[in-house]
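>>> Fold the following and give me the result.
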Amino acid sequence: MTIEPVTELGGGGALRLPLRHMATAATALALVCGLAVTGCDGGRTAGSGPAAVGPVGVVVPLLNSPFWRAYNAAIHQQAKAQRVEVLPTMNSLSDTEKQISDIHSLIVQGAKGLVIAPVDSAAIRPGLHAARRERVPVVAVNDVPDSGEVKMVVRADNRAYGQKACRYLGDSVKTGKVVQIQGALASASARDRSEGFSSCMAKNYPGVEVLDLPALWQSGKAAADLEALLSTNPDIKGIYLQAGGVYLTPTLSMLRRRDALFPLGSSKHITIVSNDGVPQELDAIRKGEIDATVSQPVDLYAKYAIFYIKKAMAGQSFKPGPTDHGSTVVRLPSGLLEDRLPAPIVTKQNVNDKALWGNRVEG
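Numbering: from 1, shown residues only. Below is the predicted model of the structure:
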């Protein structure tokens, strides 16, 4: 009896196939991607002109958020503009095991580079090791892997996100209770935002009590847990949403249902600071439903993810220092390099600024 090595394709309930069937598997996967919209999203994008390089595989953690839908659209636009061929996007459905399977699938399909937004900063390690074994360079977006090799992390300063939210809320409420609706703390982004917010509050606003709700990037959990907290803490004065693309709509719906949504300027208004910069957040600021958001530069995430993976596939390496696009590449304690892109805070004063990506895409 011969035992053959296997590879896995697809998400949960993955198909396990001998490695000698990889070519057949890749063909089958391409057909599946054409049918199963929950596993793959967006058609194959070829860079314009005969000099297109690639193909590049793109993996996103989810696509049920306006933020990630905008990022996915921008990735394909940037691939065309920079003449990079991109395979159909793999949607990992917030499932760490599926994300590893997605990475293997893209390698089987012949990806020469990978742009990955990790679901879990630690659990992404096996996928990064698989890419390294096959000499496929990786650029990480939005989150920092705890270990493993990536050529560049394209991200903004997530600790600064929390600090900006803290400053706005602290200056507004001064004393009392505020809620921090966190992401999944397995993600470095959620940890950085939480640490930035909490440490800033403890240092600068000792009269403010922070109540943490780890909502795992899940909209339903965020709304349900916040409603339960409001029932026992009706004196809550402020809320920080770590992911407005996921948390905004259910939070506002719940507050409206409880007759607790009052416009900016009302004595009963709950100060809300969000994070993402999606069109829905900007509209909510205009309406006075929320006060501010920190705009994650989704357009720049896409632009520089393609920029770095194209250079990495050509064998180029990078080093710390200022860039020519207004950011700084820093070396993290893990040794990884991170291009820290600018992320402005948005309020009533600048919400109509055309430079904000949320004002240049459809909601």
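>>> can you map out the helices along the chain?
22-35, 66-81, 96-108, 125-133, 158-173, 188-204, 219-232, 244-257, 279-287, 298-313 (DSSP state H).
>>> For those helices, could you give me CSV that also reports mean neighbour count and mean pLDDT?
Heads up, the C-betas are built off the backbone N, CA and C, glycines and all. CSV is the format used below for the helices of the chain (neighbours: other CB atoms under 10 Å; pLDDT from 0 to 100):
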stretch, mean neighbour count, mean pLDDT
helix 22-35, 15, 39
helix 66-81, 22, 96
helix 96-108, 24, 98
helix 125-133, 18, 97
helix 158-173, 22, 97
helix 188-204, 20, 97
helix 219-232, 16, 96
helix 244-257, 21, 96
helix 279-287, 20, 97
helix 298-313, 24, 98
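>>> Just the terminal-to-terminal distance for stretch 344-357.
11 Å (CA to CA, to the nearest Å).
>>> Would you mark the buried spots in that stretch?
Within stretch 344-357, the residues scored as buried using 16 or more other CB atoms under 10 Å are 344-346, 351, 356-357.
>>> And those, which two are furthest apart?
Ile345 and Trp357 (14.2 Å; CB to CB).
>>> ok, back up a step: got the helices of the chain as CSV, with distance to Pro145 columns?
Converted to CSV, the helices of the chain look like this (distance: least, CB to CB, whole Å):
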stretch, distance to Pro145
helix 22-35, 25
helix 66-81, 18
helix 96-108, 12
helix 125-133, 6
helix 158-173, 14
helix 188-204, 8
helix 219-232, 25
helix 244-257, 21
helix 279-287, 28
helix 298-313, 15
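>>> Which among these is found nearest to Glu362?
So among those, helix 279-287 is nearest, using CB to CB, at 7.1 Å.
>>> who does that closest one touch, helix- and strand-wise?
Applying 3 or more CB pairs under 8 Å, 6 or more residues apart in numbering; DSSP states H and E, one finds that helix 279-287 contacts helix 244-257, strand 292-295, strand 345-346.
>>> Paired strands for the shortest one, with orientation please.
Taking DSSP bridges as the criterion, strand 345-346 sits next to strand 292-295 (antiparallel) in its sheet.
>>> So Trp217 versus Leu300, what's the distance?
Plainly put, Trp217 is 21 Å away from Leu300 if you go by CB to CB, to the nearest Å.
>>> Ok, Ile124 next?
22 Å.
>>> do Ala190 as well
21 Å.
>>> Please apply the same query to Leu282.
17 Å.
>>> and if you look at Asp171?
28 Å.
>>> With adjacent residues omitted, what lies nearest to the residue nearest in space to the middle of the chain?
Ranked by distance to the mean C-alpha position of the chain (CA atoms, centre = their mean), the top residue is Asn142 at 4.7 Å. Excluding its sequence neighbours, the residue lying closest to Asn142 (CB to CB, 6 or more residues apart in numbering) is Ala117, at 4.7 Å.
>>> Isn't the one you found up against Leu62?
No. When contacts are counted by CB atoms under 8 Å, Ala117 is not listed as touching Leu62 (9.2 Å).
>>> So which of the two has more stuff around it?
Set Ala117 next to Leu62 and count neighbours by other CB atoms under 10 Å: Ala117 wins out with 25 against 19.
>>> what pLDDT does that one get?
pLDDT recorded at Ala117 is 98.
>>> again with Glu362
Value for Glu362, per-residue pLDDT: 75.
>>> just checking, it touches Ala73?
No. Applying CB under 8 Å as the test, Glu362 and Ala73 come out as separate, 9.3 Å apart.
>>> Outline the domain layout of the chain.
Listed by automatic domain parsing, the domain ranges of the chain are 33-142+298-317, 158-295+346-359.
>>> Quick one: those as CSV, columns for distance to Asp339 too.
Formatted as CSV, those follow (distance: least, CB to CB, whole Å):
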stretch, distance to Asp339
domain 33-142+298-317, 6
domain 158-295+346-359, 13
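>>> out of the ones you listed, nearest to Gly335?
Distance to Gly335, taken as CB to CB, is lowest for domain 33-142+298-317 among the domains of the chain, at 13.1 Å.
>>> Now for the residue nearest to Gly238 when sequence neighbours are not counted: which residues touch it?
With CB to CB, 6+ apart as the criterion, Gly238 has its nearest non-adjacent residue at 3.7 Å, and that residue is Val178. Taking CB atoms under 8 Å, 6 or more residues apart in numbering as the contact definition, Val178 lies against 169, 201, 208-211, 236-240, 271.
>>> go again using 7 Å as the cut-off
169, 208, 210, 236-240 (CB atoms under 7 Å, 6 or more residues apart in numbering).
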